[in-house]
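Novice: Give me the fold of what follows.
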Amino acid sequence: MKAKDLDKLFDEGEEDVLQYFDLARVRRVNSERELVELDLSRERLAALDAEATRLNISRDRLISQWVRERLEKASTAAE
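Specialist: Below you'll find the model as predicted:
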């Protein structure tokens, strides 16, 4: 199928176009992870852990969420 035909099907919205993709081979672009180090005072680390516990998520997930939110906000403000 040509891209223009797929675009037309998608734009019309009458057919699920996912059937035309090999989802077993799909990957997220730029989803590779890299380990980073973060130095925090014990007080800040305790506060971070308390917030993660309150939200019932891991410390890493909380930091990732906050960084993502902040970057999205900065990106929106720059536009």
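Novice: quick one, what contacts M1?
Specialist: Residues near M1 by CB atoms under 8 Å, 6 or more residues apart in numbering: Y20. Where C-beta positions appear, they are placed from N, C-alpha and C, glycine not excepted.
Novice: Give me the neighbour count for V17.
Specialist: When neighbours are counted by other CB atoms under 10 Å, V17 registers 15.
Novice: can you map out the helices along the protein?
Specialist: 3-12, 42-55, 59-78 (DSSP state H).
Novice: So which bits of the second one are buried?
Specialist: Read that as helix 42-55. 48, 52 (16 or more other CB atoms under 10 Å).
Novice: now swap in the longest one and tell me
Specialist: With burial defined by 16+ other CB under 10 Å, the residues of helix 59-78 counted as buried are 62-63.
Novice: Counting by contacts, list what that helix packs against.
Specialist: Applying 3 or more CB pairs under 8 Å, 6 or more residues apart in numbering; DSSP states H and E, one finds that helix 59-78 contacts helix 42-55.
Novice: now for the helix it packs on, which elements pack on it?
Specialist: helix 59-78.
Novice: With only the CA atoms kept, save the helix it packs on in CSV.
Specialist: Output of helix 59-78 as CSV, limited to C-alpha atoms (Å, rounded to 0.1, in the frame of the first residue of the first chain):
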residue,chain,number,x,y,z
ARG,A,59,11.6,7.1,43.3
ASP,A,60,12.9,6.7,39.7
ARG,A,61,9.5,6.9,38.2
LEU,A,62,8.7,10.1,40.2
ILE,A,63,11.9,11.8,39.1
SER,A,64,11.2,10.8,35.5
GLN,A,65,7.7,12.1,35.7
TRP,A,66,8.8,15.4,37.2
VAL,A,67,11.5,15.9,34.6
ARG,A,68,9.1,15.0,31.7
GLU,A,69,6.5,17.4,33.1
ARG,A,70,9.0,20.2,33.5
LEU,A,71,10.5,19.7,30.0
GLU,A,72,7.0,19.7,28.4
LYS,A,73,6.2,22.9,30.3
ALA,A,74,9.4,24.5,29.1
SER,A,75,8.8,23.4,25.6
THR,A,76,5.2,24.8,25.6
ALA,A,77,6.5,28.1,27.1
ALA,A,78,9.1,28.4,24.3
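Novice: Nothing else from me, thank you.
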